[in-house]
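**Q** Next input, structure requested:
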Amino acid sequence: MQYTTTYQSPLGELLLAADEIGLTGIWFDGGKYFADGLDTEHEKGKLPVLETTKSWLDIYFAGREPDFTPALHMIGSPFRLRVWKHLSEIPYGETVSYGEIAKKIAGEMGIERMSAQAVGGAVGHNPVSIIVPCHRVIGADGSLTGYAGGLDKKVRLLTLEGVL
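**A** Here you go, the predicted model:
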């Protein structure tokens, strides 16, 4: 069973979802994949991980790097899980390109190349935005490309982290 709550961020309302294992989603209200992966049968509720996530978000939106990560329960295909693992490793205040992630994954898989577009598709479907920092992924030329929560939010998140 998944449980949900909302969080009022400086960038708009966020929907948080979790189960007994960990956080399963954070979505910006009105985002491209809003509540994608949320069980149709879920309840509003107070799980400890939801309260921990709110504390994490409070620290983050105050302009500081949180020194903990709420328990996560990422649900997706093996490829998406691999991409999301790489997103989790992008340091606060830094960016990487879709191509850089693709190159790392290709190396792990023992293949010559991996499509940056395939990586982009997985990045776009990251259900735990902000904490799993898909906003830190940029185009090869340094351009700020898509963000399911909206490009304006990507700019504000990167500005908050001192990237822009």
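**Q** Helices of this structure, start to end?
**A** For the chain, the helices defined by DSSP state H cover 48-61, 78-88, 98-109, 116-124, 151-160.
**Q** and those as TSV, adding mean neighbour count and mean pLDDT?
**A** Backbone N, C-alpha and C define where each C-beta goes, glycine included. As requested, the helices of the chain are arranged in TSV below (neighbours: other CB atoms under 10 Å; pLDDT from 0 to 100):
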stretch	mean neighbour count	mean pLDDT
helix 48-61	17	98
helix 78-88	17	97
helix 98-109	17	95
helix 116-124	19	94
helix 151-160	17	96
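**Q** can you redo those as CSV with distance to residue 4?
**A** Converted to CSV, the helices of the chain look like this (distance: least, CB to CB, whole Å):
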stretch, distance to residue 4
helix 48-61, 8
helix 78-88, 20
helix 98-109, 29
helix 116-124, 22
helix 151-160, 20
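**Q** how many other residues sit next to residue 65?
**A** When neighbours are defined as other CB atoms under 10 Å, residue 65 has 10 of them.
**Q** I figured it hits residue 92, correct?
**A** Yes. Contact criterion CB atoms under 8 Å: residue 65 and residue 92 qualify, at 4.2 Å.
**Q** show me the residues around residue 158 that make contact.
**A** Taking CB atoms under 8 Å, 6 or more residues apart in numbering as the contact definition, residue 158 lies against 95, 135, 136, 144, 164.
**Q** What separation do you get for residue 154 and residue 97?
**A** 14 Å (CB to CB, to the nearest Å).
**Q** With residue 110 instead?
**A** Separation of residue 110 from residue 97 (CB to CB) stands at 22 Å.
**Q** who has more neighbours, these two?
**A** The residue with more neighbours, out of residue 110 and residue 97, is residue 97; 18 against 6, by other CB under 10 Å.
**Q** OK, contacts around that one?
**A** Residues near residue 97 by CB under 8 Å, 6+ apart: 116, 137, 138, 139, 140.
**Q** With distance to residue 35 as added columns, please give these in a markdown table.
**A** Formatted as a markdown table, those follow (distance: CB to CB, whole Å):
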| residue | distance to residue 35 |
| --- | --- |
| 116 | 27 |
| 137 | 22 |
| 138 | 26 |
| 139 | 27 |
| 140 | 31 |
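**Q** Right, I'll leave it there.
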